[in-house]
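**Student:** below is the sequence, then the predicted model.
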Amino acid sequence: MEVAIDNGIYKQALESAQQQGLNLNTMIENFLVRFIGKSQKINEEAIPDVVLSLLGAAESDNSDLNGREAYYQYLEEKYK
């Protein structure tokens, strides 16, 4: 199967894929899956290691979403 792509667009897509730590084929497949609306499980190989290392980093108990309580406690301790 062949697909004709403008050379300039190809180079930009290749650069973008490399910056994201992806293979161009994987990036195009992910785009097409989203474009046609099918849900497909993204394998962990397609996700850069940096992103995988951040998964779960922002988990909280959701009781203090904006961090205001923690900030006020910090200020109280600081100015005692």
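**Tutor:** Ah, there it is.
**Student:** only C-alpha atoms for contact and neighbour calcs from this point on.
**Tutor:** Fine.
**Student:** helices of the chain, residue ranges please.
**Tutor:** Taking DSSP state H as the test, the helices found in the chain are 7-19, 24-36, 49-54, 68-78.
**Student:** state the mean pLDDT of the second one.
**Tutor:** The pLDDT scores in helix 24-36 average 83.
**Student:** before we move on, what about the shortest one?
**Tutor:** Average pLDDT, helix 49-54: 70.
**Student:** the residue most central in space within the chain and Leu32, how far apart?
**Tutor:** Nearest residue to the geometric centre of the chain (CA atoms, centre = their mean): Val51, 5.9 Å. Distance of Val51 to Leu32, computed by CA to CA, to the nearest Å: 22 Å.
**Student:** next one: Ala13
**Tutor:** Relative to Leu32, Ala13 is positioned 14 Å away (criterion: CA to CA).
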